[in-house]
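Undergrad: Dropping the sequence and predicted coords here.
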Amino acid sequence: MIRYITRLDRIPVLIMAVVIGIFALLTASELAAQNQDGLVASLSPYFAILLAVGWAAPAPARELESGSATWAWSMGVTRRRWLLARVTPLLSTAIAGGLVIGGLVALTQRYWFPSMTEDRITGPWLTAAMPVTVALAVFGVGLGTATALVTRKVVPAVGTTLIGQVAVIYAAPALRTTSNGTRAVLGHVVGQDVVGGIPQITYVANTAFWPIAWTLAAGLVVLGAALAGLALHRVARIDA
């Protein structure tokens, strides 16, 4: 079954490899130019979008719509085994691709490791951090698979996944908080004190970036796991 799915997924795998190669070329260009304009970082969330709408949603939806999934089940392949064979290469690509792209972003922004300044605690930089890049891709796998199992049609599955993935990428950074629960907005915490009629702003410490990123990543992984559970629930209840 895994071998059969692998043959079906050759084109998506090739596309993902080309995308990662393009990221590598952009990284080399930034390093050669010795600039840190953030191009690779700003493009990194699109890997998760492409993985979700170009592979995670249409692949299982196409099999369900065409009836090939039903044929596989009638040949003795259990539904859970079919779903596992579908999700395994997706999840592997999400983790490996997220790690590679996150590493490339870190190469272009080498000062991330020694320190992190307040103005980097923003949506674009948080979604480019390696743990969040991986988590977004994992969430995309769960979202795409779940929508495919719920709709069982390619177009609705792709459309719903696209809307959901883009919404999460733009909304998730707004939910970020520091370790003590204070909301972080555009790299700083808005203070409540007023001195001489002037609102005071307390900036987030440099060390807050990675706790925020890891918390955000953990939340995305939990959501992705919940969606995978929904897919598992749905596949057992689809009429053959």
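TA: Received it, and whenever you're ready, just let me know what you need. Numbering: from 1, shown residues only.
Undergrad: Outside of stretch 83-98 itself, which residues are in contact with it?
TA: 1-2, 4-6, 9, 13, 16, 19-20, 47-48, 51, 55-56, 59-60, 63, 130, 133-138, 140-141, 144-145, 149, 228, 231-232, 235 (C-beta atoms under 8 Å, 6 or more residues apart in numbering). C-beta: built from backbone N, CA, C; applies to glycine.
Undergrad: Narrow those residues to just the buried residues.
TA: Buried members of these, counted by 16 or more other C-beta atoms under 10 Å: 5, 9, 16, 19-20, 47-48, 51, 55-56, 59-60, 63, 130, 133-138, 140-141, 144-145, 149, 228, 231-232, 235.
Undergrad: So which of those residues sit within helices?
TA: Secondary structure from DSSP state H places 5, 16, 19-20, 47-48, 51, 59-60, 63, 130, 133-138, 140-141, 144-145, 149, 228, 231-232, 235 of those in helices.
Undergrad: what residue ranges in the protein score low on pLDDT?
TA: Within the chain, the stretches with pLDDT under 70 are 1-8, 35-37, 110-122, 172-207, 240.
Undergrad: Not counting residues beside it along the chain, what's closest to the residue nearest the centre of it?
TA: Per C-alpha atoms, centre = their mean, the C-alpha nearest to the average position across the chain is that of Leu136, at 1.7 Å. Counting by C-beta to C-beta, 6 or more residues apart in numbering, Leu136 lies nearest to Ala48, which is 3.9 Å off, once chain neighbours are set aside.
Undergrad: wait, the one you found sits on Val132?
TA: No - with contact defined as C-beta atoms under 8 Å, Ala48 does not reach Val132; the gap is 9.5 Å.
Undergrad: Can you verify my assumption that Thr38 contacts Thr27?
TA: Check again: residue 38 is Gly, not Thr. No - if you go by C-beta under 8 Å, Gly38 and Thr27 don't touch, sitting 11.9 Å apart.
Undergrad: what touches both of these two?
TA: Residues touching both Gly38 and Thr27 by C-beta under 8 Å, 6+ apart: Thr108.
Undergrad: List the buried residues of the helix ranked longest in the chain.
TA: The residue-count maximum for a helix in the chain (DSSP H) belongs to helix 79-108. For helix 79-108, the neighbour count (16+ other C-beta under 10 Å) marks 79, 82-83, 85-87, 89-91, 93-94, 97-98, 100-102, 104-106, 108 as buried.
Undergrad: Tell me who's in contact with Trp214.
TA: Pro131.
Undergrad: Just the element for it, please.
TA: helix 209-235 (DSSP states H and E).
Undergrad: in that helix, what's buried?
TA: For helix 209-235, by 16+ other C-beta under 10 Å, it's 209, 212-213, 215-217, 219-221, 223-224, 227-228, 230-232, 234-235.
Undergrad: ok, now stretch 154-172?
TA: Neighbour count says stretch 154-172 has 154, 156-158, 160-162, 164-166, 168-169, 172 buried, by 16+ other C-beta under 10 Å.
Undergrad: tell me the two of those residues that are most distant?
TA: Using C-beta to C-beta, the two most remote members of those are Val154 and Ala172, lying 26.4 Å apart.
Undergrad: ok so, going back, quick check, nearest of the buried residues of stretch 154-172 to Ala32?
TA: In terms of C-beta to C-beta, no member of the buried residues of stretch 154-172 lies closer to Ala32 than Ile169, at 28.6 Å.
Undergrad: and that closest one, what does it touch?
TA: 45, 48-49, 127, 136.
Undergrad: Next, it: secondary structure please.
TA: Secondary structure state of Ile169, per DSSP: H, G, I helix; E, B strand; the rest coil, is helix.
Undergrad: just Ile238 next, same as before
TA: For Ile238, the assignment made with three-state DSSP gives coil.
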